[in-house]
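# Have a look at this fold, sequence not included:
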């Protein structure tokens with residue numbers, strides 16, 4: 001009789017963060033994830049959920065990226 005495969009289960013949390021940049025949305029997303037990685041461990045997936053810009057005087061002064069970020073709870 002073959003051994004049953006061990007099941008890998010886990011619990012994940014999804015949190016929303018917002019990164020900002022004066023350069024681009026990509027830079028804003030990267031900044032958000034890199035900053036979150038300093039205090040959250042075992043990050044799994046980052047999903048861009050919204051892009052917007054901050055305007056002043058009719059000009060773009062910042063790019064904002066909203067990111068849904070998931071990480072695994074430790075047992």
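Noted; the coordinates are in hand. Keep in mind it's a predicted model, so treat the numbers as computed, not measured. Numbering: from 1, shown residues only.
# hey, let's count contacts and neighbours off CA atoms from now on
Will do.
# Strands along the chain, start to end?
12-21, 43-56, 59-72 (DSSP state E).
# Let's have the ones you listed in JSON lines, adding distance to residue 28, mean pLDDT and mean neighbour count.
Shown next, in JSON lines, are those (distance: least, Cα to Cα, whole Å; pLDDT from 0 to 100; neighbours: other Cα atoms under 10 Å):
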{"stretch": "strand 12-21", "distance to residue 28": "4", "mean pLDDT": "94", "mean neighbour count": "17"}
{"stretch": "strand 43-56", "distance to residue 28": "10", "mean pLDDT": "95", "mean neighbour count": "14"}
{"stretch": "strand 59-72", "distance to residue 28": "6", "mean pLDDT": "95", "mean neighbour count": "18"}
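# Which among the ones you listed is found nearest to residue 37?
Nearest to residue 37 among these is strand 43-56; the distance by Cα to Cα comes to 7.1 Å.
# Show residues contacting the closest one.
For strand 43-56, the external contacting residues (Cα atoms under 8 Å, 6 or more residues apart in numbering) are 25, 29, 33, 37, 60-72.
# how does it look with 10 Å?
Strand 43-56 has contacts (Cα atoms under 10 Å, 6 or more residues apart in numbering) with 12-22, 24-26, 28-30, 32-33, 36-37, 59-73.
# Quick check: residue 41 vs residue 70, distance?
Distance, residue 41 to residue 70, using Cα to Cα, to the nearest Å: 10 Å.
# Please apply the same query to residue 35.
Distance from residue 35 to residue 70, counting by Cα to Cα: 14 Å.
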